[in-house]
Structure formats: C-alpha cells, structure tokens
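In: show me the folded form of this:
(one chain, ligands or ions: 1)
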Amino acid sequence: MNRSPDGLPPLRDVIARFELAAKKSLGQNFLLDLNLTSRIARNGGPLDQGTVFEIGPGPGGLTRGLLMEGAQEVIAVEKDQRCLNALAEVSSAYAGKLTVIEQDALTVDFSTLGSTPRRIVANLPYNISTVLLLRWLKQIAADPTVYASLTLMFQKEVVDRLTASPGTKSYGRLSVMTQWLCRAQALFDIPPRAFIPPPKITSTVVRLEPHAAPLAPAEVGALEKVTESAFGQRRKMLRQSLKTLGVATGELIERAGVRETARAEELSVEEFCTLARCYQELKEAKPAS
Ligand code: SAM
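Out: Numbers count the residues shown, from 1 in each chain. Purely as a prediction, here's the structure:
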C-alpha cells in the first residue's frame with residue numbers, strides 16, 4: 001500500500017476504508033493533501049509547547065499535519081462517530097500525543113482543558129463557525145491569555161468580515177468584536193478543488209492573535225448590543241439605528257461624541273467601545289422599568 005510522509009495510509013484510502021462519505025449536515029468538506037494541511041499547521045504554531053485544539057478532525061488530514069509539524073499535544077473534538085476508528089490509527093502512530101473527544105464542540109470548554117499556551121487550529125464546520133468564534137472571543141474578553149492564537153479556516157467571505165476596515169462593505173459586527181480583541185491576519189486562500197467534496201466557495205485561513213489587552217475598555221455584552229443595533233440597520237444613520245437600544249438615543253450619541261448622521265460602518269472599533277461604555281452608563285442610570 002502507498003504510504004504518506006507520516007507513514008500512515010493516504011487520506012483517500014482512509015476515507016474509502018472507513019466509508020466516510022461526507023455529510024452535508026455536519027459541514028464535511030475534507031482536505032486530502034497533507035502538504036496543505038501541514039502548511040496550515042505550521043501557520044498555527046509554534047506547536048511544540050502547550051496544547052493544540054482541533055475542532056472536527058474528520059478523517060484526520062489536519063490532525064496529521066499538526067502532528068507531523070511537531071505538535072506535542074493535540075485534543076481533537078469530533079461529533080461524527082464514524083471518524084473515530086480512522087482517528088484511532090493516528091493516535092496509535094503518535095503515542096500519547098493525540099486525544100480525541102467524541103462530542104459536540106459547542107459543548108466543550110477548551111479553556112479548562114490541556115495546558116498553556118493553548119492554540120486552536122481548525123478547518124471549522126461552516127454551520128457553527130461563527131457561533132464558535134464568538135464564544136472564543138468572549139473567553140478572550142474575560143482573559144486575553146486564554147488562547148495564544150486561533151488559526152482557522154472559514155469561508156472567504158467570513159474572513160473578509162473579520163479583517164475588514166471601517167468604511168468597507170464587509171465591515172460589521174464580526175469585524176468590531178474580532179479586532180477589538182485580536183490582531184486578525186488573512187493568510188491564504190484554499191480553492192474548492194482542495195476538498196472532497198468541493199464546496200461552492202473559496203476558503204481562507206486566518207490567524208487571530210489576542211491583544212495583550214482589548215483595544216479600548218468596554219463590557220463585551222454592551223459592545224455586542226451596540227454593534228447589533230448599529231449594524232442591524234447599517235444603511236440608517238446612528239440616530240435612527242441606535243433607537244433599538246432602548247436608551248435616550250440623542251443623549252447616547254452626544255455622550256459618545258459620535259456624529260448622529262454617521263452610519264455604523266463609519267465608526268472605528270474604539271468609537272464602538274465608547275458607545276458601549278456610554279450605553280452602559282445610561283442604562284445603569286435609568287434601569288428599565
Ligand atoms: N479537519 C478535517 C479536514 O480538514 O479535512 C474536516 C473538516 S470538515 C470542514 C468539519 C468537521 O467538523 C467534520 O469532520 C465534521 O464531522 C465536524 N463537525 C461538524 N459539526 C461538529 C460539531 N458540532 N462538533 C464537533 N465536530 C463537528
């Protein structure tokens with residue numbers, strides 16, 4: 001049998017032998033090229049200390065990339081029970097380095113597992129990718145040291161949002177929440193043909209590195225609220241869109257020192273933080289009746 005650089009069978013054979021026909025409901029698009037998964041892994045490092053968390057290892061392409069690139073401890077969370085036997089072969093080849101948890105990643109708190117520095121490296125199932133990201137961002141808001149880096153693959157359009165600057169079409173809630181807490185760098189695109197089955201869209205790998213402290217003080221819930229209101233009606237001026245917050249809009253805008261005729265996409269991350277602080281002050285001054 002052909003062997004891959006890590007001495008294990010090629011991923012195509014693994015998928016055939018364990019009958020891992022991709023399920024759409026689990027967002028399964030598998031990467032088969034170990035050169036590519038190793039490249040993603042290298043960008044997720046340094047891997048030789050602490051724990052690397054992978055969400056959705058599937059047949060193990062990225063997992064093997066991480067281990068080939070020197071990861072000392074990988075904890076991988078996979079919901080699809082069909083993948084476990086394939087992953088057990090990887091565990092045996094890298095004794096003591098890979099732990100597979102059969103669970104829904106939405107129910108796992110990585111911040112309490114493994115050891116520091118904690119890094120997340122994953123080709124995320126697209127249907128839960130932003131929910132997971134927002135959850136990790138909340139953890140980073142509470143403790144900027146919780147993760148050393150997050151190297152993630154999303155649909156290109158999502159990475160455009162994470163990295164967008166004010167004044168652009170892609171700038172929105174995700175841009176503000178992400179850039180408030182992390183340096184976000186788009187690394188490289190991956191074309192549909194790299195996957196089995198090929199998705200309709202291009203994917204992009206992004207690396208997020210938490211800032212030592214958030215760009216400006218704000219409470220995460222308040223920042224979520226103001227960005228939700230402002231971008232919920234992104235074509236409207238702030239004096240209109242912020243009405244959904246349920247505080248005196250004129251007073252909020254004046255306190256925050258932003259232009260009432262501005263639209264959400266014109267505000268910087270720092271200005272959103274100011275709005276969030278002023279919103280909270282007004283809310284605390286006049287608790288909802
Ligand atoms: N890492 C593999 C690769 O790059 O080839 C597979 C990536 S595939 C895009 C997403 C993986 O996430 C699948 O293996 C799928 O079964 C798994 N998955 C989907 N939903 C999940 C969930 N809620 N919790 C854990 N894993 C999940």
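In: just confirm residue 208 is within a strand.
Out: Yes. With DSSP: H, G, I helix; E, B strand; the rest coil as the criterion, residue 208 is assigned to a strand.
In: in contact with it, which residues?
Out: Residue 208 makes contact with 149-152, 162, 178, 182-185, according to CB atoms under 8 Å, 6 or more residues apart in numbering. Every C-beta, even on glycine, is put in place using the N, C-alpha and C of the backbone.
In: could you flag which of the residues you listed are buried?
Out: 149-152, 162, 178, 182, 184 (16 or more other CB atoms under 10 Å).
In: just the closest of those residues to the ligand, please.
Out: Of all these, residue 152 has the smallest distance to the ligand: 11.0 Å, by CB to the nearest ligand atom.
In: and the chain, which residues reach the ligand?
Out: Contact residues, the chain versus the ligand (CB under 6 Å from any ligand atom): 26-31, 55-58, 61-62, 77-80, 83, 104-106, 123, 125, 128.
In: now the residues you listed: which count as buried?
Out: Buried, going by 16+ other CB under 10 Å: 26-31, 55-58, 61-62, 77-80, 83, 105, 123, 125, 128, out of the residues of the chain next to the ligand.
In: for whatever residue of the chain ends up closest to the ligand, give me its contacts.
Out: Using CB to the nearest ligand atom, the single residue of the chain nearest to the ligand is residue 56, 2.0 Å away. Contact partners of residue 56, counting by CB under 8 Å, 6+ apart, are 26-27, 77-79, 105, 122-125.
In: ok so, going back, now intersect the buried ones among the residues of the chain next to the ligand with the helices, please.
Out: 61-62 (DSSP state H).
In: among the buried ones among the residues of the chain next to the ligand, name the ones in strands.
Out: Counting by DSSP state E, those place 30-31, 55, 77-78, 123 in strands.
In: quick one, strands of the chain?
Out: Under DSSP E, the chain gives strands at 30-31, 51-55, 74-78, 98-102, 118-123, 149-155, 182-190, 195-196, 203-210.
In: okay if I get the ones you listed as a markdown table plus mean pLDDT and distance to residue 44?
Out: Output for the strands of the chain, formatted as a markdown table (pLDDT from 0 to 100; distance: least, CB to CB, whole Å):
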| stretch | mean pLDDT | distance to residue 44 |
| --- | --- | --- |
| strand 30-31 | 97 | 14 |
| strand 51-55 | 98 | 7 |
| strand 74-78 | 98 | 11 |
| strand 98-102 | 98 | 15 |
| strand 118-123 | 98 | 4 |
| strand 149-155 | 98 | 4 |
| strand 182-190 | 98 | 10 |
| strand 195-196 | 95 | 19 |
| strand 203-210 | 98 | 7 |
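In: out of these, nearest to residue 258?
Out: Among these, the nearest to residue 258 by CB to CB is strand 182-190 (23.5 Å).
In: strand partners (parallel or antiparallel) of that closest one?
Out: Next to strand 182-190 in the sheet, as set by DSSP bridges, lie strand 203-210 (antiparallel).
In: got the angle between the strand it pairs with and strand 149-155?
Out: With axes from the mean of the first three to the mean of the last three CA atoms, to 10 degrees defining the directions, strand 203-210 sits at 150 degrees from strand 149-155.
In: circling back: export the strands of the chain to a markdown table and tack on distance to residue 236?
Out: Converted to a markdown table, these look like this (distance: least, CB to CB, whole Å):
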| stretch | distance to residue 236 |
| --- | --- |
| strand 30-31 | 42 |
| strand 51-55 | 36 |
| strand 74-78 | 40 |
| strand 98-102 | 45 |
| strand 118-123 | 36 |
| strand 149-155 | 27 |
| strand 182-190 | 27 |
| strand 195-196 | 39 |
| strand 203-210 | 30 |
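In: which one of those strands lies closest to residue 223?
Out: So among those, strand 182-190 is nearest, using CB to CB, at 13.9 Å.
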